[in-house]
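**Student:** Give me a 3D structure for the following:
(one chain, ligands or ions: 1)
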Amino acid sequence: MSFKRNPSVIVIGAGMTGILMAKKLKDAGIEKVIVLEKKEKVGGTWRENTYPGVACDIPSHMYTYSFEPNPNWSNFFARGNEIQEYFENVVDKYELRPMIRFNETVTEAKFDNGVWKVTTSTGDNYECDFVISATGILHHPSLPDIPGLDSFEGNMFHTSNWNHDVQLDATQSVGIVGTGSTAAQCIPELINSGAKVNVFQRTPQWILPLKDFSIPNFVKRLLGRFPTLNRISRASGKFFVEHFFTKAVTGHKIQRFLMEFFVKLNLKLAIKDPELRRKLRPDYQVGCKRLIINTTFYKAIQKDNAALITEGIDHIEPKGVVTKDGKLHELDTLVLSTGFDPLAYMRPMNLIGKDNTHINDAWAENVGVYRSMLIPKFPNFFLTLGPNTPIGNFSVIAMSEVQCDYLLKLISQWRSGKFDAVEPTNIAVENFNAYVKNGLDATAWVGGCTSWYLDAHGNPILWPYTWGRWVKEMRIPNDEDLQFASYSQQ
Ligand code: NAP
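**Tutor:** Predicted structure coming up:
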C-alpha cells in the first residue's frame, strides 16, 4: 500500500512495548522513528527487577511476541534474566538498536501547532508528528509512609532496586514489608538463603499453586523444529488464562467458584499450623487483589528461620521495625516490597498538550483516557498500557500488540492524509469511563479489599470485561469518538 506521506515518531522507552513499537513501525515502512530510553539497556521492568526469585508468573510460551516465539525457555515460568535476554535478542535480530538512543530521559514533550517538540535529559531536542509513550505501568516504586523509615541504619532498598552487594546468609536478619506478587517470589529465596526472615504482612493474599517445572531439552527441540507446536502451546496458555483467570475475576460464576475452591484448598493443605493458617487467610474475595501464582511461599514461611508478623508496623527505628505490640524486630536489612505508583505512567515528564495544558492539570481530578490510549488535548500522543488495559493475570505483551495495531491504524489514516492531528472528544472519554465503571460491580475487585486495581475514587484502573470483548472493541478506531484537525493550511 502506498501512502502520501510518512510520519516521524518518537517512542518513549525501550522496554517490552517500546521494542514492539519500533519493530512494527519499521515493518510498516516508517523510517523516522527514534526510541528514547532513559537507561543504558533495553528491557524495562525486566532490566530493573533483579530481586531473587524474579520470574514471570504466566506461562513462558505465552509471554513472547506473536512474531517471535521462543522454543528455548528453560521453565514453564521463565526467569527474569532469561526474559531480559529474550528482549535483547529481539532487538538485535530485527536490527532495532540503531533506532534507540540510550541514557536519554524525556524531560518534556510539548505539542506546538501540529508538531511535538521533545526535550531530553541530555539537552537534545527533537520534533516529530507522533509520540508513543511506552513507559510501562509499574515502574515508579511506592515507598511506604511509615514513621521513621529514613532513620533505619541497616541496608534498605525497594525490590525493584535490589542491592546485590548485601550478604544473605544465616548470620543475617532480614525484614520484608509486603506480601504481593513480588514478595511471594522473593520471600522464599530470602528464607532459603538461611537468613532469619521477618515478613511484615499487612494483608494476606490468596495463592493459586501452579507448579513451575523445567522444560526438557527434547521438548525444546520439538518446539523449535515444529513451530506449530509452539503456537499451540502459546494458544493453550492464552485460552486457559482467558477462560479461567480473566473470567473468574470479571464475574463468571463457574470460573469464580473453581478458583475459590482451588486457592482455599491450597491454603488448607499447604499450611499445617492452624494459627499460621488463620493469619494467612484473607477475608476478601478471591481475585480482589491480583491473584498470586506460587508454590514456594507457603512452604518457605513454615521454616524455622521464617516469621510471619501480622501485628502491624508502628514505626521504624535505626535498629529495626517496631510493631504495634511495642516489639522491636532488629534487622540488618529491610526490603520494601511495597509495590508501585500505578497512575504515574509517563510522569514526572512534563507533558504539555494543546492550549498549554499540562498533563498534571488534565489529570488533576482523574486520569481521563479514551480506550487506554488517547487523551483529550494531547493530539497524536498515544499512551500504551494506559488505564483500563486488561492488565491482571494476562500477558501484557498480547495487550501491547493489540494497542500497537490500533495506533498503527490511526497512523495509516494520517499517512493517507485524512488528518494531521487526532484526539478523542471529551464526551467519548466520559462515555468510555462510564462504560468501564459500569462493569465494575460484577468484578472481584470490589470484593472487600484495597488494591492498585482501583483509584482513589473507586474507578477501575483495569478493564472489567472479558479479554475477547476488549480485543474486538480495539479492532477499529471509531471516528465518532475522535476529533481530527488539520495544521498544514495554517
Ligand atoms: P503490590 O501487589 O502492590 O503489593 C504491595 C505490598 O506491600 C502489599 O502486600 C501491601 O499491603 C504492602 N504494603 C504497601 N504499603 C505498606 C505499608 N505502608 N505497610 C505495610 N505493608 C505495605 O506490589 P508488588 O508485589 O510489587 O506487585 C505489583 C504488581 O507487579 C503486581 O500486581 C503485578 O501486576 C506485577 N508483578 C508481576 C509479576 C509477574 O510475574 N508477572 C511479578 C511481580 C509483580 P496491602 O495489601 O495491605 O496494601
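**Student:** Name the nearest residue to residue 423, sequence neighbours excluded.
**Tutor:** Of all residues not flanking residue 423 in the chain, residue 379 sits nearest, at 4.3 Å (Cβ to Cβ, 6 or more residues apart in numbering). The way it works is simple: take the backbone N, C-alpha and C, and place the C-beta from them, glycine included.
**Student:** Settle this for me: that neighbour is touching residue 353, isn't it.
**Tutor:** Yes: contact criterion Cβ atoms under 8 Å: residue 379 and residue 353 qualify, at 7.2 Å.
**Student:** okay, those two: which has more neighbours?
**Tutor:** More neighbours surround residue 379 than the other of residue 379 and residue 353, with 25 against 22 (other Cβ atoms under 10 Å).
**Student:** For the more buried one, give me its contacts.
**Tutor:** 111, 353-354, 421-423, 485 (Cβ atoms under 8 Å, 6 or more residues apart in numbering).
**Student:** how near is it to the ligand?
**Tutor:** 30 Å (Cβ to the nearest ligand atom, to the nearest Å).
**Student:** name the element that residue belongs to?
**Tutor:** Using DSSP states H and E, residue 379 is not contained in any helix or strand.
**Student:** quick one: it from residue 337, how far?
**Tutor:** 39 Å (Cβ to Cβ, to the nearest Å).
**Student:** Got the phi and psi for residue 131?
**Tutor:** Backbone geometry at residue 131, expressed as degrees, to the nearest 10, gives phi -120, psi 130.
**Student:** got the contact list for it?
**Tutor:** 9-10, 12, 109, 116, 118, 380-382.
**Student:** for the residues you listed, which one is nearest residue 81?
**Tutor:** residue 12 (24.8 Å; Cβ to Cβ).
**Student:** ok, that closest one - how many residues close by?
**Tutor:** 28.
**Student:** do residue 83 as well
**Tutor:** 24.
**Student:** residue contacts, it?
**Tutor:** By Cβ under 8 Å, 6+ apart, the residues touching residue 83 are 43, 46, 56, 63.
**Student:** tell me how far the helix or strand hosting it is from the chain's mean position?
**Tutor:** Here residue 83 sits within helix 80-93, counting by DSSP H and E. How far helix 80-93 lies from its chain's middle: 18 Å, per Cα atoms, centre = their mean, to the nearest Å.
**Student:** List the residues that contact residue 317.
**Tutor:** With Cβ under 8 Å, 6+ apart, residue 317 has these contacts: 148, 151-152, 328.
**Student:** Can you flag the buried ones in the residues you listed?
**Tutor:** residue 152 (16 or more other Cβ atoms under 10 Å).
**Student:** what subset of the contacts of residue 317 is also close to the ligand?
**Tutor:** Among those, no residue is within reach of the ligand (Cβ under 6 Å from any ligand atom).
**Student:** Could you identify the most distant pair in the contacts of residue 317?
**Tutor:** By the measure Cβ to Cβ, 151 and 328 form the most distant pair in the contacts of residue 317, at 12.8 Å.
**Student:** In the stretch 51-200 of the chain, what residue spans correspond to helices?
**Tutor:** 80-93, 181-192 (DSSP state H, counting those that start in this stretch).
**Student:** For the first one, the averaged confidence score.
**Tutor:** Meaning helix 80-93. Mean per-residue pLDDT for helix 80-93: 98.
**Student:** Any idea how many residues pack against the nearest residue to residue 176 once chain neighbours are set aside?
**Tutor:** The shortest distance from residue 176 to any residue other than its chain neighbours is 4.3 Å, reached at residue 335 (Cβ to Cβ, 6+ apart). By the criterion of other Cβ under 10 Å, residue 335 has 29 neighbours.
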